[in-house]
Structure formats: C-alpha cells, structure tokens
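**Q** turn this into a model:
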Amino acid sequence: MLGYDLLSVNDRTVRTAPPESLDQLGHELARIICAVAEADEHETILFAKWDVKDGFWRLVCGEGAEYNFAYVMPQPPGPGEPIRIVIPTSLQMGWVESPGYFCAASETARDVADTYVRTPIGSLGSHKFLHLTQTGDYPTVEGSQRDLVSFLKYYIGVFVDDFIGIELEETQADLDHVASAILHGIHDVFPPNDSDDNEDPTSLKKLLKGEGAWAVVKEILGWVFDGDAKTIELAPAKAADRLNLLEECLTAARKGKAFPMAKFQKLVGKLRDTAIGIPAGLGLMSPLNAALSSEREYVYIGKKTPLFLCLSDWKFLIKVSIKEPTKCRELVAADNPGYCGIVDSSKHGVGGVVFGHRKSCHPHVFRFKWPKEVQEAFDKGHISISDLELAGLLLLWITMEGCIGPENLKHEHVCLLSDNDPSVNWLERMSSKKSIVAGRILRILSIRMRHCRASPLTPLHIPGVHNRIADIPSRSFGYKKECSFATACANARVAATSKTRRKYWKHWQVYAKSFRTCPYLDEGRTSYSTKINVVGGFAARVRSGYYGRGKQVAVATVRTALSAVGKTIAVDTGYNPLLLKGSESKYLLPLQDAITAWGKEDGPTNKKLPVEVDVPAYLARTAYEDGDSPLSKRIGDLSLVAFYYLLRVGEYAVTSSGANSKQTTQFRMRDIAFYIKDKRGNLCQLPRNANEKWILDKAVGATLRLSNQKNGWKNVCIHQHATGDKLVCPVKALARIYCSIRKHTSDPDCLLSSYWDSKGIKRNVTHRHISNGLKLAATALNYPVTRGIDIDKIDTHSLRAGGANALSLAGYNETQIQKMGRWRGQTFKEYISDQLANTSKGMSKAMSKTFKFVCISGGILNDITTQTINTAYN
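**A** Residues are numbered from 1 along each chain as shown. Predicted structure coming up:
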C-alpha cells in the first residue's frame, strides 16, 4: 500500500464483523488432512484450488463509510503543491475489521458452492473458466447415467481468499460439476468482470499456471498433498526455510553464541505450523515454549541441553519428512481405537493392562517397580505424582509395542486411559508448560510413536473408582497386600467376557455341530459357501426369536449374536471369519445384505415421552383421598419420588426376576436420610430412629444414597427439598414410605419397593405396577388431548424424563440437571454429595409447577388446538 497509518481508525472501530468467520481459519488444513485420511487406500484423490484476486478490494464500503479510510497522499518536495486526499471505496489492508468481513463473504461463497454441488450433475451449465480446470486425463460418461450427486465424494474448503476443491477420482463430468459449482459460487458473491478476464475476481493468472486444474499432487496452504499415496509434506521452499533457520540457531549454539529472541520467536512460530503435518512435532515443543517465557533479547542454547536436543530432533524430522512424506492417517485421531491401555502409577511403581478394542488382542497385564532414585526424587518433591503418571503412560506405550508389535501399530489408533488429569491434558497437547520432566517424557513418547508410524493418541480420563484394574498391579509391590498380580489378571479376564457372548457362543456351538461344521469355521476345513449357509441360518434362527421368547427380534439382536460368535473366535484364533478380509467392521456380503434387509423391515423405535407432575400427583391424591390399598399408596409415593429425584425404574421397583444380574442396586431403608432446620436455619440430619411425627411433619429435606448405579457411580447422594405441599412433595412421599416400612420391619436393607398387603404379607412394587399406574393417571388426565401424548408412549421412563423436562422448563441449566439425574458428564459431576443440597435448593418447588406442555408430534394424530386455546395457563 502507500504506507499510511490506520491506527486511529482501528482505535475508533466498533467491531461488528461476524467473529464466526475467523474461527474457521485455524481448522481448514486439519479438515483437508482428515478428508484425505478417511479415503480408502485404493481410491485416488484429486485436488484443485482457486484464488480470489485483490480480495479485500472486492468488498465495497457502504455509502458514506468510505471517508473513514481517507488519507493524504505524500507531498512532493517544493512549495505550491496542492494537497491530494485519497478516499478509498473498498475495504483496506490494515483495518482490523477487513479480515472478518472478507472471510464472511468467502465462507458464504463456499456455502453457495456446496449448494450447487448438491444439484444434479450437468445442471449447472458451463463456466468461462471451466476449461482451465480440465486436463483430459479422466474418462467421460455418455448420456445421463450419473445424474445424482449422491455418487460424489467431495470436499470444498476456503482459507481467506483460497478456495480448495477435493474429489475422489471418478469421471470428467464429476470433476466439471464440482469445479463449476465452486466457480459459480465465487461469482455469485464476487461479481465477475465480463469485459476483461484479467480483472475477474477469480485470478486468471493463477489459473493459467494450472492451480485450478485437477491434479493428484497439489500444493495447498504451503503443503504438498499426494492424493494417490495419501501423504502430506512441506512445500520445498518452506522446508528449506525452516532448515536454514534451524541450522543457523544450532550453529550459534555450537559456537557458544546467543541467538536473537526475535528470530527465535519466528522460528518457533514456523515450527508450530510445521507440527500440523509432521508426527512427533508437538511432542518436541515443551523446551521451545519454556525458552519463549524469557523476556531477554537473546536466547542462550547450551550444547546437549533439552532445548538443543529439541532443535536437533526438529531438523532430523523435517529431513525425514522430505525423503518420506507423512501419511495423513498418522495425523488424525479416531473415536474408535484399535487398541486400548489403562495405567496407574504410585510412589512405588506403575502397572496397567493392554487390551484390544476394535482389533483382537489378548489382555496383557504389566507392572514395573520404580528404581530407588525415582522414589527418593518423589519424596524430595523433585518430581510429582503427575510426572510419574505420565511416565506410566510412556511405559504403557512401550508395553504395547512389545505385546502388539510396531508393525501392527502402524497407522493404528490407540486410546490410553489414566485417572490423572494433568497427565491426560499433557498427552492431549503433547506439551507441558511448567514440568521439565513431563516435557522430556513427551519427547521420548513422540519419537517412539513416530518410529511405529502410529496415529495420534486418544487420551481419556477415567475416574479413580473405575481404575482398580490398573491400581492393583501398580500397588502390588508389598505395601498393599490386597493388591496382587493374580487379582489383576483375573479382573482383566472378567472384563473381557460377558454373559451375552457366552450365551450365543453356546447356542452357536450346538447349531454348527448339527451341520457337522467346526464352530471356529477353520478355513482349511470349512468352504466359503458352507460358512455362509451355516452362519446365515444361525442368524435367521436368532432373528426368529428361537433363542428368546419365540417372537421375531430386532436386527440389533442379530448383530449382537454375530458379534458374540465372531469375537469369541477372534479371541481364540486371532481372526474373525465373519468379517470381510481387510475390514474391521463389515460382515461378509451375504450376511451384510441380510442384516440390511432385516433392518429395513424393523419398525421405528417407540420412544417414551415425559409426563408432568400432575401424573404422579394424581396417583398419590387418588390413593390417599380415596383410602385405597397399600399397593396404590406405595405406587403413588414411589412415582413422586421417581419424578423429583429423576430415578431409573430399577432403583425403586422390582424390574424382573433377573434383576440381581443388573448393576443398579435398589434403594434400601439405610439409603434414606431426613433433614430438619435448626434455630440458625441450617440443615441438620434426623436420627434414623426419630419420631414418626418429626419425620412426617418437620423434615424439610431428604437424601438418597446410591449404592451402585447403571453408569457405575457408587455412594453418590442426591438431595431434594420439601415443596410445602403436604401430599405432592418428594420429602413427604419418602417420609410416608419410610415410616410405613418401619412399622413392619427394622431391617436396614429392606427395599423401598416393599409393602405389606391387607393380610400382612410382604410384597414388592414392580415396574409393571408403576407403568400401569402412569397409564391410568394419564388416561384420567386426558393426556392424548391436553398434551398430545398417546398413552402407549407413557411408561416408567416417563417419570425420569418428565422430571428432567420440568427442571429445564423451570430454567435450570444443563449442569444442574445432569447432576440431579446422574447422567455421565465431566468427572466433577460425580462428586455431588456435599454440594447437591445447595445446588438443588428450590428445585422441587419449581418442578411442582405445571407448564402444560404439548407434544406437537402427537398433535399430528389428534387435533388439540381448540382444547389448548380454551385452557387457562397458570
């Protein structure tokens, strides 16, 4: 530009450009890498890119706004020269809002292009620059055989003014369709210049250089992508620039000279950018980050220091990447890892377990006792427990290399679990800001992973209460007798088995032997046709309900049975004969076709809908006001408790004869605690033998303690306050249940579902009692008309869903609802026993409000408009 200063304009600017447009800038390269990594190895990817010429100047200022950018032209020497003022009519380089406004426009053009791609192939018509995207290397298709966009596999991205197109190699018509869509999208937002192509928004100069032509190898955003090998490497000029800077820095270190901090900051910034496409790069950043924290003008790098070694490693990695480009799969993590490992460290040692997840692997348990010097360093505070946990994760990886083999870890996704938050965070970032020990461990781990050519790790935090399988080997060095290596092995075997797998494997053995077929489907003894016929027949028998209640089952049950057979064989033999060769999830084609067909036959899932407090309130009022049986009263009270405490039916009612096999434990008498307020207004717990009048009349709060729950939480408490209503109140309902049971038994383990009939015989409320009661109340309250909810969509889960819905409508945030409902979330949500009484204050009163919500899907079947309009809203 002309060298004028826009500082005053920036200072006076009120930012109105959409910030979301700039949020995408740092993610475009990662998206391209992911798109390449997800393609199959046999597929070829083509790339093309288009540049918007004079980007910012393509956006015209609003009328009258151009004076904000006015500036005085530099004056030539000599008197008498007129003052020349320039008034720009477009966005200017240097203005703080220019990037945001321009990126909003370019992102809009990308969205328009994506819309065009979804139109039928050939419907867009030609574009004046389309011939510059063609190379003539790809086949054409006669007629209109491929007129559906569903055939296309493509990606369109934009980085400021660079538009990027990616497509799997198909036909010239497909490539022309995507190219036309992008070119039309650009022109829809940035109007074309029909009189002079050199002034067109799409840079003709770069198109003539071949940047817009589809090619297997293309430089994009400073990186060279190879769509055949699925690799990425630094552009030669960038690689040379970084190597020169590194060599300059290392030479200064060898000669004992200081290196300018400004140049060092520039080097670190470029290495951070390089780490995006070079595995192990992130693991080398810790010493660099520590050096940047200094405010000196120079950096002093000693020989053989961590910083010197880090820079040497970077030089080596860049040189290796030039000779052997990086596979994109080595740069992308996955949610479905092939192998997993869990580890725990203590002052005395480390231990853990390696096992297969998506791939077969016999569980391996390991342990290692820390050397004496490590234990002494921990005692002196030189290393922390987090450092030891991270060292344990490194040993876990090394154990994986030994158990699984580096060749099997190549391009494979691995998940590592630990109960230590700092070490998991370090592993996610692959860097540490403060811990020198952690930085060195991460350097070793990143180099080991690079050696194996593995994909990025997926580190996950696991609560300590669930990490016993790793606790045992890590603490098995004598100071805890209950922790033994044999126990850890036993735990690993139990975790690898399931009741369902054993059930279907037993049925499969009987079925296979009836056809004189080896249950393990040995390839040397079983032909392909026999395998398909026998396995297909077994799947059909499962589908018919032969191994269940004699009724046809959903396709998910068939998948479960086939998975049980396949995984059992894989554990024993090392391969799954039911899957396609080279696949880790797709069944043999005839089996997959049958599963797909059965899936189409299955109807949609019949989801249960929430109810409001009026349903359990109706059950309670009807039972107590009409003097009904003890069963009706208990159903009413349990329904209120389930609604307000967001309980699962298995926590307060007998679900089936096999309930003992479930993890969830029912609430017992010992799990209830009542509270009153003392003279100062503080909550004070009532003793368990408190007078009935105190419990029924003066209790203002009640707590339920979870012994064991479906999601694994143990000894977690949930608390509710009284609503003030003598009947419709969770505290009063619990008090009535507690006092009623206490009249018949003093057993602290008596279930809350217990009641005594008119003959004094002890019985239990079942899930069917609750379900029938809810349907009865909803029918009496005319839910199909007033709420638009069919009665068959109401069941026991409607209470839990209804309580959560009531909290949401009352204005409580998601965190509070998750805590009350004990849904899985962040780790801190497990620890609610102390704070929940305060967090839930006022919840029960708020939940008692009737919002009169209406199910709009139900309104499709039942006209409820008139009824709703004529109903008063409270």
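
**Q** which of the three states applies to S360?
**A** Here S360 is coil, with the state taken from DSSP: H, G, I helix; E, B strand; the rest coil.

**Q** quick check: it vs I595, distance?
**A** Using Cβ to Cβ, to the nearest Å, one obtains 21 Å as the distance from S360 to I595. The C-beta positions use only the backbone N, C-alpha and C, and glycine is treated the same way.

**Q** where does pLDDT dip in the stretch 151-300 of the chain?
**A** Within the stretch 151-300 of the chain, the stretches with pLDDT under 70 are 151-152.

**Q** mind listing the helices for it?
**A** Taking DSSP state H, counting those that start in this stretch as the test, the helices found in the stretch 151-300 of the chain are 172-189, 204-208, 236-254, 261-274, 286-292.

**Q** could you dump these into TSV and include distance to H131?
**A** Putting the helices of the stretch 151-300 of the chain into TSV (distance: least, Cβ to Cβ, whole Å) gives the following:
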stretch	distance to H131
helix 172-189	10
helix 204-208	10
helix 236-254	29
helix 261-274	35
helix 286-292	48
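
**Q** so which of these is nearest T573?
**A** Evaluated with Cβ to Cβ, these place helix 172-189 nearest to T573, the distance being 42.8 Å.

**Q** buried sites along that closest one?
**A** Going by neighbour count (16 or more other Cβ atoms under 10 Å), the buried part of helix 172-189 is 172-187, 189.

**Q** chain center to that helix, what's the gap?
**A** Once both centres are worked out by Cα atoms, centre = their mean, to the nearest Å, helix 172-189 turns out to sit 34 Å from its chain's centre.

**Q** could you number the chain from 14 rather than 1 from now on?
**A** From this message on, residue numbering opens at 14, which makes the last subject helix 185-202.

**Q** could you say what helices and strands it packs with?
**A** Taking 3 or more Cβ pairs under 8 Å, 6 or more residues apart in numbering; DSSP states H and E as contact, the helices and strands that helix 185-202 lies on are strand 58-64, helix 111-130, strand 167-172, strand 175-181.

**Q** can I get those in CSV with distance to A703 and mean neighbour count?
**A** Listed next are the helices and strands packed on helix 185-202 as CSV, based on distance: least, Cβ to Cβ, whole Å; neighbours: other Cβ atoms under 10 Å:
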stretch, distance to A703, mean neighbour count
strand 58-64, 73, 23
helix 111-130, 65, 19
strand 167-172, 67, 21
strand 175-181, 71, 22
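
**Q** now the ones you listed as a markdown table including distance to G773?
**A** Converted to a markdown table, those look like this (distance: least, Cβ to Cβ, whole Å):
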| stretch | distance to G773 |
| --- | --- |
| strand 58-64 | 77 |
| helix 111-130 | 72 |
| strand 167-172 | 73 |
| strand 175-181 | 75 |
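
**Q** for G452, find the nearest of those.
**A** Distances from G452 to each of the helices and strands packed on helix 185-202 were compared using Cβ to Cβ; the minimum, 31.5 Å, belongs to strand 167-172.

**Q** that closest one vs helix 111-130, what angle?
**A** Comparing the axes of strand 167-172 and helix 111-130 via axes from the mean of the first three to the mean of the last three Cα atoms, to 10 degrees yields an angle of 170 degrees.

**Q** partners of strand 167-172 in the sheet?
**A** As defined by DSSP bridges, the strand partners of strand 167-172 come to strand 175-181 (antiparallel).

**Q** now the strand it pairs with: how far from the chain's centre is it?
**A** Distance, centroid of strand 175-181 to centroid of chain: 27 Å (Cα atoms, centre = their mean).

**Q** what's in contact with it?
**A** 41, 45, 48-49, 52, 56-65, 119, 122-123, 126, 165-171, 187-188, 191-192, 195, 199, 227, 233-234 (Cβ atoms under 8 Å, 6 or more residues apart in numbering).

**Q** now do stretch 595-610
**A** Counting by Cβ under 8 Å, 6+ apart, 351, 371-372, 544-545, 548-549, 552-553, 568, 571-572, 575, 591-593 sit against stretch 595-610.

**Q** got it, and stretch 456-470?
**A** Stretch 456-470 has contacts (Cβ under 8 Å, 6+ apart) with 292-297, 299, 319, 322-323, 326, 330, 340, 342-347, 406-407, 410-411, 414, 419, 422-429, 440, 443.

**Q** just the buried residues of the residues you listed.
**A** 292-297, 299, 319, 323, 326, 330, 340, 342-345, 347, 406-407, 410, 414, 422, 424-429, 440, 443.

**Q** so of these, which ones are in helices?
**A** With DSSP state H as the criterion, helices contain 299, 319, 323, 326, 330, 406-407, 410, 414, 422, 440 from among those.

**Q** below-threshold pLDDT in this protein: ranges please.
**A** 14-21, 34, 37-38, 149-165, 491-511, 618, 669-677, 720-729, 837-854, 865-887.

**Q** kindly recompute the last result at 50.
**A** 14-19, 154-163, 494-510, 670-676, 724-725, 839-849, 872-884, 886-887 (pLDDT under 50).

**Q** buried stuff in stretch 637-657?
**A** Neighbour-count burial for stretch 637-657 flags 637, 644-657 (criterion: 16+ other Cβ under 10 Å).

**Q** farthest-separated two in these?
**A** Farthest pair in the buried residues of stretch 637-657 (Cβ to Cβ) is L644 and Y657. Separation: 20.9 Å.

**Q** once you drop chain neighbours, what's closest to I750?
**A** D650 (5.1 Å; Cβ to Cβ, 6 or more residues apart in numbering).

**Q** surely that neighbour meets R749?
**A** Yes - at 5.4 Å, D650 and R749 qualify as touching, with contact defined as Cβ atoms under 8 Å.

**Q** quickly list what's touching both of the two.
**A** Taking Cβ under 8 Å, 6+ apart as the criterion, D650 and R749 do not both touch any residue.

**Q** contacting residues for W707?
**A** By Cβ under 8 Å, 6+ apart, W707 lies in contact with 689, 699.

**Q** you'd agree C47 is up against A347?
**A** No - here C47 does not reach A347: they are 10.3 Å apart, not a contact under Cβ under 8 Å.

**Q** most neighbours, which of the contacts of stretch 595-610?
**A** Each of these was scored by neighbours using other Cβ atoms under 10 Å; the highest score is V548's, at 26 neighbours.

**Q** in which helix or strand does it reside?
**A** Using DSSP states H and E, V548 falls within helix 541-556.

**Q** got the CA positions of that helix in CSV?
**A** What follows is helix 541-556 as a C-alpha-only set of coordinates in CSV (Å, rounded to 0.1, in the frame of the first residue of the first chain):
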residue,chain,number,x,y,z
TYR,A,541,-16.9,-70.3,1.9
SER,A,542,-20.4,-71.5,0.8
THR,A,543,-20.7,-73.7,3.9
LYS,A,544,-19.7,-70.8,6.1
ILE,A,545,-22.3,-68.5,4.5
ASN,A,546,-25.1,-71.1,4.7
VAL,A,547,-24.4,-72.1,8.3
VAL,A,548,-23.8,-68.6,9.7
GLY,A,549,-26.8,-67.3,7.7
GLY,A,550,-29.0,-70.0,9.1
PHE,A,551,-27.9,-69.2,12.6
ALA,A,552,-28.6,-65.5,12.1
ALA,A,553,-32.1,-66.3,10.7
ARG,A,554,-32.8,-68.5,13.8
VAL,A,555,-31.7,-65.7,16.1
ARG,A,556,-34.0,-63.3,14.1
